[in-house]
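Visitor: Pasting the sequence and the predicted coordinates here, then a few questions.
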Amino acid sequence: MKKTRNKTKTNILRATLFGLIIFGMLVTVVIASPTYQLTLAKGTDVLTVNQYDDADWKSTVNASTNPSFWFEGDTNIAGAKSKTTILGWNDIAWQTWDAFISLFMSEYFSFEDLIIILNIMDNIGYNETTINANYTDSYNLWYGVRAVWNFTVGAYLEQPSYTEDILVFKDPLDFKTILDDYNTIAAELSGFIQLAGFNFPYLTADDFLWHFALNGFAVASPRPVYLTELINELGCVNVSASGSTLVFERSGETNYTIEISYGEDGTMSFFTVKDVSESVIFQIISANSEWVFYLILVILAVCGAGLVAFIVITRRKPKK
């Protein structure tokens, strides 16, 4: 009997150690990663409008819009789907001019207006050469491209609706420098372009991150650390990081919250709009959402616990 109990203890110890080793393998990438790693993967993802309440949207977010203000297509219809295909990526380095043009000017001005403004800037000496000479920081990033099919309740078109950039900066601390340089340059140029009827908006950290999150922003791994450093460095007021999720506190007709979660490949996996009572107004979910990964972990854990219990019970049965 004593020998049987010792064997049982040994089996339990082995099972426990095995579980700890497996758990350590799963979390090491999050805890011990010395540098940020790219997790983009070529392939197709499907985004689905999981929920939409038009009345709550109009009484909470904006009385004259619907979610298509942020996402093109039939996003005001639950069940509408969008398809995105990551085509590839490359390592590149940006200088200040690249960030200024790509992150700000192309976001706030049409192509026609952009041509006019660039011509004004060139005439007063604010061209690529002079701006990069005065603002000497450079930024390393993974620059990706994906094809996007707009949300639809019908069949997808044969060709994508458009292609867009995926921008993963290798150092989240770079965002602070980029934003500060933009606001400085915008202030220097404001008087010149206002004469032509244009204006560079001053951007807070919250404004910058919100617009970027809707246009090509992706994160590197470990995601929780990356997002926390990003928020802390920018000094956001109404944006916080919770694990792999950015939480935006915004105001429209009333106050509301937007949660954007980033999945295993670093791109958006959940987009949820909630009112002040935490009721969901609008939600997009990804077919590659992170919950699938955790569901697999739970299943493995339950199976492992069942196996250990079976071994213990079997060992304790008296021999005939």
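Guide: Here it is on my side, so go on. Numbers count the residues shown, from 1 in each chain.
Visitor: Number of residues surrounding residue 129?
Guide: The number of residues packed near residue 129 is 10, by other CB atoms under 10 Å. Heads up, the C-betas are built off the backbone N, CA and C, glycines and all.
Visitor: Using just helix, strand and coil, how would you label it?
Guide: helix (DSSP: H, G, I helix; E, B strand; the rest coil).
Visitor: is the residue nearest to residue 261 when sequence neighbours are not counted in a bridge, and if so with what?
Guide: Nearest non-adjacent residue to residue 261, counting by CB to CB, 6 or more residues apart in numbering: residue 270, 3.9 Å away. In this entry, residue 270 is beta-bridged to residue 261, residue 285, by DSSP bridges.
Visitor: Is it correct that residue 270 is in contact with residue 284?
Guide: Yes - at 7.0 Å, residue 270 and residue 284 qualify as touching, with contact defined as CB atoms under 8 Å.
Visitor: mind listing what the residue nearest to residue 261 touches?
Guide: By CB atoms under 8 Å, 6 or more residues apart in numbering, the residues touching residue 270 are 245, 259-261, 283-286, 289.
Visitor: let's see it at 7 Å
Guide: Residues in contact with residue 270 (CB atoms under 7 Å, 6 or more residues apart in numbering) are 259, 261, 285-286, 289.
Visitor: Also residue 126?
Guide: Residue 126 neighbours (CB under 7 Å, 6+ apart): residue 189.
Visitor: cool, residue 231 as well?
Guide: Per CB under 7 Å, 6+ apart, neighbours of residue 231: 239-241.
Visitor: so when I look at it, I'm seeing a helix, right?
Guide: Yes - assessed with three-state DSSP, residue 231 lies in a helix.
Visitor: residue ranges for the helices of the stretch 101-250 of the chain, please.
Guide: For the stretch 101-250 of the chain, applying DSSP state H, counting those that start in this stretch gives helices covering 106-108, 111-123, 128-134, 174-194, 205-213, 223-234.
Visitor: Between those helices, which one is closest to residue 55.
Guide: Closest to residue 55 of the helices of the stretch 101-250 of the chain is helix 205-213 (CB to CB; 24.4 Å).
Visitor: Okay, buried residues for that closest one please.
Guide: 205-206, 208-213 (16 or more other CB atoms under 10 Å).
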